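Undergrad: Next come a sequence and a model predicted from it.
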There are 2 protein chains.
Amino acid sequence: MSEAAERHRRLYEALRERICLLDYPPGMRLSEATLAAEFGTSRTPLRRVLARLEDEGLVRSLHGVGTLVTDVDLEEMWQVYDLRMELAQLVGRLSPAAVTPELLAQLSGLVERGAALARRPEARAFARLNMEFFAFGLALTANEALRDLSERLYFRTARIWLKSIPNLVLADEVDIFRRELAETEAALRAGDLEAAALIRRAHISMSVARMRG
Amino acid sequence: MSEAAERHRRLYEALRERICLLDYPPGMRLSEATLAAEFGTSRTPLRRVLARLEDEGLVRSLHGVGTLVTDVDLEEMWQVYDLRMELAQLVGRLSPAAVTPELLAQLSGLVERGAALARRPEARAFARLNMEFFAFGLALTANEALRDLSERLYFRTARIWLKSIPNLVLADEVDIFRRELAETEAALRAGDLEAAALIRRAHISMSVARMRG
DNA sequence: ACAAAACAAGATGTGCACAACTGAAAGGCG
DNA sequence: CGCCTTTCAGTTGTGCACATCTTGTTTTGT
């Protein structure tokens, strides 16, 4: 990968994470000049990154105003969740990947970190772990288009989950998440990818219900 | 919409159409300077458009070489078609729209143009009609994310259909397309959006089978 | 004659200066 | 005091010059 592409990916993932972890809350004004200075580039490559984030709906640039972090429209987000659920289930049906020992080992690592999180619950660490579990789920399908679309939708909705945490009981959420991890591990040990996908869908559905309630 | 955004959309749609109608065949080298001159802008806004096309996988920019129209990797495309079929079916289930008289009138227009196409079959006109029918299909769901994703995938695969036409019998394809239009019209007149979605999925599936065969 | 090196043309990537625009604060006036 | 106007600081958008890179050609040395 070229040096320019490398930098683009680095900036893109950094900004996306800051937005999705609410370091840059909805409505916040990002300054191209400031960000460019922070990352040690000029505005030009940075603008290339912001353009991508804008195409993906995470920011919106207004001439003369600034680049604003988009707000999450709840009604639209529930629709996105509807779609995410369907895509999650498709992971089990479209080009399912082989369940390798490496994959199981990776999942065991997540389970362990889930246990650590239960001992000392913390929203931000939870959000990160959640992201990693999502990335793990993507590895279960070889359908690249499905992975791309799922990722796109995930990062589009990731913020509202973190935003809902104050209204929920963090410890309960961690417990539920750990159960999902355990269930997923059981399904994968049995080599049943479709079951794992259904579990994922079920948990997304229940998570939405708790957030809406 | 701002003037800049308007121009962006205009350039984007123009280039996307040229790529998908094979005016710009895979492998063709686009010159930023030439395109900018044609559209009467400088390279800067044009590069913003090319960046978007690159993020969507339609072109690829190589430093020192040029901006190349991507080739369609068949194995990947069949995966995309798998996904398109699922999304097409979802249109009937996720936030189905109301079947309005305007919608039916629009479909009647397409049926009429299908009849005209049958009298004088022509690949390019067929491709355009196909695109419009696709756009019509999107109007059947109110789920904006589903529309976005479907559109993305459609334009990602549109080229291989046009590329396969020489291996198929154009008149037969037109007939099949007209049958799909008629079936869709029947389903919508009955107010059965899910049936219309299933018909769409079935025809995508059969179309892929003919292209692969 | 051939191979390797140097050159040239042309492409995208970058940085900078300026244009266009917005929102708020300051100032003037009834 | 209230309201309109003007000014101003700050932001994104644009155009241009140049850096960097690739490829094909030309030149040169053996």
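TA: Yep, that arrived. Residues are numbered from 1 along each chain as shown, chains lettered A, B, ... in the order given.

Undergrad: who are the neighbours in contact with the nearest residue in space to residue A:72 that is not next to it in sequence?
TA: Closest residue to residue A:72 apart from its sequence neighbours, by Cβ to Cβ, 6 or more residues apart in numbering or on different chains: residue A:160 at 4.9 Å. The C-beta positions use only the backbone N, C-alpha and C, and glycine is treated the same way. Residues near residue A:160 by Cβ atoms under 8 Å, 6 or more residues apart in numbering or on different chains: A:72, A:74, A:77, A:211.

Undergrad: Residue A:160 - that's part of a strand, no?
TA: No. Counting by DSSP: H, G, I helix; E, B strand; the rest coil, residue A:160 is not part of a strand but helix.

Undergrad: Just the contacts of residue A:160: which are in helices?
TA: A:74, A:77, A:211 (DSSP state H).

Undergrad: What's the ChimeraX syntax to select whichever of these are buried?
TA: The command below creates a ChimeraX selection of those among the ones in helices among the contacts of residue A:160 that count as buried (16 or more other Cβ atoms under 10 Å in any protein chain shown):
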select /A:77,211
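
Undergrad: ok, the ones in helices among the contacts of residue A:160 vs DNA strand C, which is closest?
TA: residue A:74 (23.8 Å; Cβ to the nearest atom of the strand).

Undergrad: Would you list the phi and psi of the residue lying closest to residue A:76 once chain neighbours are set aside?
TA: Distances taken as Cβ to Cβ, 6+ apart put residue B:144 closest to residue A:76, at 6.4 Å, once the chain neighbours are dropped. Dihedral pair for residue B:144: phi -60, psi -40, per degrees, to the nearest 10.

Undergrad: What distance do you get for residue B:144 to residue A:78?
TA: Distance, residue B:144 to residue A:78, using Cβ to Cβ, to the nearest Å: 12 Å.

Undergrad: Same check on residue A:203?
TA: Residue A:203 sits 16 Å away from residue A:78, going by Cβ to Cβ.

Undergrad: Please state the offset of the helix or strand harbouring residue A:198 from the chain centre?
TA: Taking DSSP states H and E as the criterion, residue A:198 maps to helix A:193-212. Relative to its parent chain, helix A:193-212 has a centroid offset of 15 Å by Cα atoms, centre = their mean, to the nearest Å.

Undergrad: Does anything pack onto it? Which helices or strands?
TA: Contact here means 3 or more Cβ pairs under 8 Å, 6 or more residues apart in numbering or on different chains; DSSP states H and E; on that basis helix A:193-212 packs against helix A:74-90, helix A:144-164, helix A:170-189.

Undergrad: Would you convert the ones you listed into JSON lines that also reports mean pLDDT?
TA: Formatted as JSON lines, those follow (pLDDT from 0 to 100):
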{"stretch": "helix A:74-90", "mean pLDDT": "96"}
{"stretch": "helix A:144-164", "mean pLDDT": "96"}
{"stretch": "helix A:170-189", "mean pLDDT": "97"}
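
Undergrad: Domain parsing of chain A, as residue ranges.
TA: A:3-69, A:74-212 (automatic domain parsing).

Undergrad: Tell me if I'm right that residue A:185 and residue A:106 touch.
TA: No. If you go by Cβ atoms under 8 Å, residue A:185 and residue A:106 don't touch, sitting 10.7 Å apart.

Undergrad: hang on, the earlier thing: so for DNA strand C, which of the helices and strands packed on helix A:193-212 sits nearest?
TA: That would be helix A:144-164 among these, by Cβ to the nearest atom of the strand, at 20.5 Å.

Undergrad: now the angle from that closest one to helix B:144-164?
TA: Between helix A:144-164 and helix B:144-164, the angle comes out at 170 degrees (axes from the mean of the first three to the mean of the last three Cα atoms, to 10 degrees).

Undergrad: Next one: the residue of chain A most remote from its centre from DNA strand D, what distance?
TA: Using Cα atoms, centre = their mean, the residue of chain A lying farthest from its centre is residue A:64. It sits 31.2 Å away. Going from residue A:64 to DNA strand D by Cβ to the nearest atom of the strand, to the nearest Å gives 4 Å.

Undergrad: Residue A:54 now?
TA: 8 Å.

Undergrad: Check residue A:37 too.
TA: 11 Å.

Undergrad: Would you tell me what helix or strand that residue is located in?
TA: helix A:32-39.

Undergrad: list the buried ones in whichever helix or strand comes after that helix?
TA: Counting by DSSP H and E, the element after helix A:32-39 in chain order, helix or strand, is helix A:43-55. Using 16+ other Cβ under 10 Å as the burial criterion, the residues of helix A:43-55 that qualify are A:46-54.

Undergrad: ok and the residue in chain A nearest DNA strand C?
TA: Counting by Cβ to the nearest atom of the strand, chain A gets nearest to DNA strand C through residue A:64 (2.6 Å).

Undergrad: That residue should be in a helix, yeah?
TA: No. Residue A:64 is assigned coil when assessed by three-state DSSP, not a helix.

Undergrad: Could you tell me the phi and psi values at it?
TA: Torsion angles, degrees, to the nearest 10, at residue A:64: phi 80, psi -10.

Undergrad: ok, so what distance separates residue A:146 from residue A:199?
TA: On the measure of Cβ to Cβ, residue A:146 and residue A:199 end up 17 Å apart.

Undergrad: Repeat that for residue A:53.
TA: Taken as Cβ to Cβ, the span from residue A:53 to residue A:199 is 31 Å.

Undergrad: low-scoring stretches of chain A, by residue?
TA: Applying pLDDT under 70 to chain A flags no residue at all.

Undergrad: Give the burial count for residue A:188, as a bare number.
TA: Look at residue A:188: counted by other Cβ atoms under 10 Å in any protein chain shown, it has 19 neighbours.

Undergrad: shouldn't it be in contact with residue A:105?
TA: No. The criterion here is Cβ under 8 Å, and residue A:188 misses it with residue A:105 at 11.1 Å.

Undergrad: Give me the common contacts of the two.
TA: With Cβ under 8 Å, 6+ apart, residue A:188 and residue A:105 have no common neighbours.

Undergrad: Show me how far stretch A:27-34 is from its chain's centre.
TA: Distance, centroid of stretch A:27-34 to centroid of chain: 22 Å (Cα atoms, centre = their mean).

Undergrad: sorry, that was for stretch A:87-99
TA: Centre to centre, stretch against its chain (Cα atoms, centre = their mean), the figure for stretch A:87-99 is 18 Å.

Undergrad: gap between the residue lying closest to residue A:59 once chain neighbours are set aside and residue A:151?
TA: Closest residue to residue A:59 apart from its sequence neighbours, by Cβ to Cβ, 6+ apart: residue A:53 at 4.7 Å. Look at residue A:53 and residue A:151: by Cβ to Cβ, they are 14 Å apart.
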